[in-house]
Structures are given as C-alpha cells and as structure tokens.
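J.: Dropping a prediction and its sequence here:
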Amino acid sequence: MYKYNNFYKKNFIFKIIENDIKNKKYNLICTRFPPEPNGYLHIGHIKSICLNFSIAKFYKGKFFLRIDDTNPTTENIKYIKSIKKDLIWLGFKWDKNVKYTSDYFDLMYKYAIELIKNNLAYVDELDIKEIKKYRGTLLVPGKNSPYRNRLIKDNLKLFEKMRLGKFPEGSLSLRAKIDMTSKIIVMRDPVLYRIKFQYHHQTNKKWCIYPTYDFSHCISDAIEGITHSLCTLEFQDNKILYNWILNNISIKNHPKQYEFSKLNIEYGITSKRNISILIKNKIVSGWDDPRLLTISGLRRKGYTSSSLKNFCYNIGVTKQNNIIEMSFLESCIKSELNQLVPRTMAIIRPLKIIIDNFPLKKKIKLLIPNHPNNKDMGYKNIYFTKEIYIDVLDFSEIDQKNYKRLILGSKVKLRYAFVIKAKKIIKDKNNNIVCIHCIYYQDSLGKKINKKKIKGIIHWISCLYSKPAKFYLYDNLFTKKDINNNDNILKFLNKKSLLIYNGFIEKNLLKNSKNKRFQFEREGYFYFDKYYSNTNEIIFNRILSLKKNDK
Ligand code: ATP
Ligand code: MG
C-alpha cells in the first residue's frame, strides 16, 4: 500500500498548505498537473502528479489535468492521448474534463490588451536573435529595445494586426515593459506573444499568435482557481514574473507558486527533449522502449502502477537537487513481485540435452509448486521427457573453479527432477556444441542430493512441452551514474543495454496463468510483452534480474 502518511509528514509543501488552512486562506484547495503535449510522460512527471493529486485528495479539493498547449509547433494530439492513458493507468482521476491552456486564449488576448493599455506591454520589432542580444547577461544589464516607447494606440493597432496575420512569423512580438536592467533576467521585458502560422490541434486556424509559457501559465492557474501552483526548481526566477503579470491584470485569483526539486534517477534521463534525441537516433525503439524511464516504457517493462506510485511517495519532496538510486526504484517493484508472482522455469539460452537411458515415448509428470515459499499459490504439472533444454551457461566442457553446474563426466541435479550425468558432447563442423548426451538416475527423484558429489541444481524445460519465446534482457541505458540533462547524452550510452535471446517457455504457461509476470527461476522477473508479441512471436521483457552482478 502507498505510504501516504509518511509522504504527508515529510513534505514541506503539505506544511505550507496546512498553515494556509489553519489561517483560513482558502475554502477549496486546487492543484493541477500541466504537461506540455510534446512527448510522453516520464517518471519525473509521476512525482509531480503524486504531489498535486495527493494534496487535492487529502484536503478534499480539486485536481485538474491541464494540457499546456501554447506551442503547436512541437505538440501533437498523440501525446495528449498518451498523457491521458498514463494518468488513467496510474489511477489518478482528474476533475471533470481535461483542461487546455488554449481554452483560455481569448481571455489571454484580452489581458494582453489590458497590459498594453496600461503601458505595460509593447510590440517589438526586434527578431529573436536581437532580443537575445539586447537582453544582456547576469553580469551585463540589458538594453532597451528601440521600439519600447511606441505609443499605446500604435501598440494596440500593431498587436491587432499581429493577430490578423499581417506580419510574418518571427518579425514582431509582444513584450512586457518591465526593467531591462533587472538582476533577474526573466524580468528584462519578457516576450508574451509570438507569431506562429501554425495549425493548432485544439483551436485549428483561429490563432496565428500564441502566448508564451510565462504569460499563459499564471493566467491559466488563476482562471482555474488553482491555490497552490507547484512546479520544479528551474522556474524559481519565473515566479517574480508570474506575480508581476497577475498583479497587473484585472484577474481575481492570485495562486501562489512553490517549487520543488526534479526527480533524477541514476543512469537514467527524465527529460522529454533528451528522450526524443534517443528516439531520433534510433538508440531506443520509441517512447515505450522498456529501457526508458517513461511511464509507457516502465509499464511495458513490467512495472505496476502501484510500484511506481510507492516509489514516488517514498522519495519525498524537497528543494534540494538530488539523484535517486536505481536500486531504490527496483526495490519498489521487487517487493511486490516477490510475493505475488508465480515462479517457473524457462530457458533463455537453450542447450539441448538428450537422456540416453530414457525411453523416447515416455514422459514423467511432476507436480511442482507455483511459489516455493507460498503454497497457497498452488501447484502445477510439468513433464520430464527424453529431450530437455538447459541453459548454455549451465554447462562446461571442462572443470572450472567454483563451477557448480553440469560438467562433462560429472553430475548435476535438475530442479524438481532427476540427477543427470553428462556423457558426450556432439559438435557441428564449426566446433559449436549441438547437444549433450546424458544419463539420468531414476531413483534420484525427490531425494536429497549428496552435496559433495553433486554441487548444483539447474533449471530445465522439456523440449516436447515447451515453445519458443524471445527474451529481452535490459540494462541501464547509460554508463554514467549522474547523467545530466545538459550532457551530450549520446557519449554515455551503454552498448549492452539490450540483449535479445531466443529461448523457450513452458508450452501452456500463458494459457494457464492469469498472471503475465513470472519469476523465471535463476534468471529474474519477466513480463509478457502483450504490446509487441503476436501469434508467431512471444516476447518476454526482463523487469529485474535476480543476480546483482548479472549485468
Ligand atoms: P521535460 O524536460 O521532460 O520536457 P518539462 O518540465 O518540460 O519536462 P512538462 O510537460 O512541462 O515537462 O511538465 C509538466 C509538469 O511536470 C511540470 O509541472 C514540471 O515541473 C513537472 N516535471 C517535469 N519533469 C519533472 C521531474 N523530473 N520531476 C518532477 N517533476 C517534473
Ligand atoms: Mg516543459
């Protein structure tokens, strides 16, 4: 279960709200999650949703999903669909209909005119490059644009003409008239509107000017009656502008912005921009590649929604930038899988074993538990037959130090079945092993093994009662632990982040089990890839390996 209580206690934002409620500042607490529809959501977004959602739930307030759609050049309706799908899958319900920043474009236009009329905004003719040049730096103050002192009536006319599409893209913009010498660069006459001749997925062709994030975000928050506008630390400086805009237009509500640190995870990236670089360079197969920390990737990999929420409710919310260990994320799914998931045998790298002293047509039924430590999960039958598969890594031609598996001339125990001894190796003309001839010891079934003579127990599967499956074994995408969103991420790729094997699973594994997650003994936890498997190809994604160093 989610450890909500701890989350509430730990969290500095809850303390702020608790105080506000004590001081009767608000009747109804309202929060929102405002994603830009320019990519799929990732685990960092879950942190933000958990925070916003749980506040609204705890204080019986409202939680809105607002699609922040002010930049149609990078947006796509498919991202909106995926955002909704991910939230539903996670079990987060938003209040009433999905909201869109574009719902408020008319009002925003009206507020922009108010600013112009109050001599607090002007139409600038500098282009983007010039605006940047005039802006200055942290050390050098900015310079006023030569168009800054245009008459109000001329600004109104030009802004209207901008809206009517009379000027080319990039030629004019509407800027707030604040202070080009401000220590806070965001306050150096920020752009409020820019021209974009771009079809918009919600407003179609209605607009050819679009508000910027800074202008639209605070107004959207205020229109919706958001009480606590929570965002990540990079918007700290923007807060002054957020307040400036709301203080200078005739809007009633004035939400308060609070910042918290972004979620970063070792060896992973949480930035849509960087994820799309990986997709463009075909490093990963798409937004739902299980190596990514996207919600769709983690879902495909086999993470449950509860494990992801548990993770986010337990990392806490602070103002310190930090990086969470990958092993903590893994431990959240592991504790669930350990209890709930049936165990079975599958062979990832098959090596055929022929039991010479076992009759061809014979089969022996073996009753085995679905979970060795939880008998309540029941039992099932498997079959022992003349031909079986073991894992290539469980056989060695020569004796090796500490090798506890099958060696030519020696014995090993097959899990839940017999002791076998390797007699002969058959190789092809390229010296590759084709199969191993063994003998089995009929009376070894169900008996304790003599550990001096038989060192190991290995897993196996009957050739006759198995079917082919592909196993996707994932590892970290990057070799660098604290990969930064500003790094050249392509420099730190782990070339072995995906290994694909053609092996075997029990013939009726999927038919007989409602569960689609399994522990394949000695290999790890796997999830049936229902999204990419088909009748000809069964795919299993590895959620977690069992061995710490098996990477
Ligand atoms: P990205 O860099 O991945 O595009 P973003 O902040 O631009 O992230 P948005 O779609 O604008 O993505 O984010 C929606 C909300 O999610 C914002 O309030 C943002 O602050 C929050 N958010 C984004 N990334 C993280 C993260 N890593 N940890 C916590 N919250 C995040
Ligand atoms: Mg963004």
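T.: The structure has been received and is ready for your questions. Ligands and ions are numbered 1, 2, ... in the order given.
J.: quick one: secondary structure of K421?
T.: Following DSSP: H, G, I helix; E, B strand; the rest coil, we place K421 in the strand state.
J.: Okay, and I251 sits in which element?
T.: In the assignment (DSSP states H and E), I251 maps to no helix and no strand.
J.: Just say helix, strand or coil for the residue lying closest to it once chain neighbours are set aside.
T.: Using C-beta to C-beta, 6 or more residues apart in numbering and skipping residues adjacent in sequence, the residue nearest I251 is A222, 4.8 Å away. Every residue, glycine included, has its C-beta placed from N, CA and C. Secondary structure for A222, judged by three-state DSSP, is helix.
J.: My guess is A222 contacts N247. True?
T.: No. Using C-beta atoms under 8 Å, A222 is not in contact with N247; the gap is 11.0 Å.
J.: anything in contact with each of the two?
T.: Shared contacts of A222 and N247 (C-beta atoms under 8 Å, 6 or more residues apart in numbering): H254.
J.: and those two? which has more neighbours close in?
T.: Neighbour totals were compared for A222 and N247, and A222 leads with 22 against 10 (other C-beta atoms under 10 Å).
J.: Need the residue closest to the centroid of this protein.
T.: Per C-alpha atoms, centre = their mean, the C-alpha nearest to the average position across the chain is that of T294, at 2.2 Å.
J.: can you pull up the bridge partners for that residue?
T.: H42 (DSSP bridges).
J.: Tell me the confidence at it?
T.: For T294, the pLDDT comes out at 98.
J.: just the helices in this structure please.
T.: Taking DSSP state H as the test, the helices found in the chain are 4-10, 12-22, 43-58, 77-90, 105-117, 128-135, 152-163, 213-224, 238-247, 272-280, 295-301, 305-315, 326-340, 509-512.
J.: Tell me what angle the second one forms with helix 43-58.
T.: What that stands for is helix 12-22. Per axes from the mean of the first three to the mean of the last three C-alpha atoms, to 10 degrees, the angle that helix 12-22 makes with helix 43-58 is 20 degrees.
J.: how close does the residue nearest to I251 get to Y109?
T.: In this view, A222 and Y109 are 15 Å apart by C-beta to C-beta, to the nearest Å.
J.: Got phi/psi on R349?
T.: Note on R349: backbone dihedrals following degrees, to the nearest 10 are phi -120, psi 90.
J.: Next, count neighbours for the nearest residue to it once chain neighbours are set aside.
T.: Excluding its sequence neighbours, the residue lying closest to R349 (C-beta to C-beta, 6+ apart) is V392, at 4.2 Å. Neighbour count of V392, defined by other C-beta under 10 Å: 15.
J.: need the contact list for the residue nearest to I251.
T.: L246, I251, K252, N253, H254, P255.
J.: in stretch 461-477, what counts as buried?
T.: For stretch 461-477, the neighbour count (16 or more other C-beta atoms under 10 Å) marks 461-463, 465-466, 469-477 as buried.
J.: burial count for the residue of the chain at minimum distance from ligand 1?
T.: Proximity of the chain to ligand 1 (C-beta to the nearest ligand atom) peaks at G44, 2.1 Å away. For G44, the neighbour count with other C-beta under 10 Å is 20.
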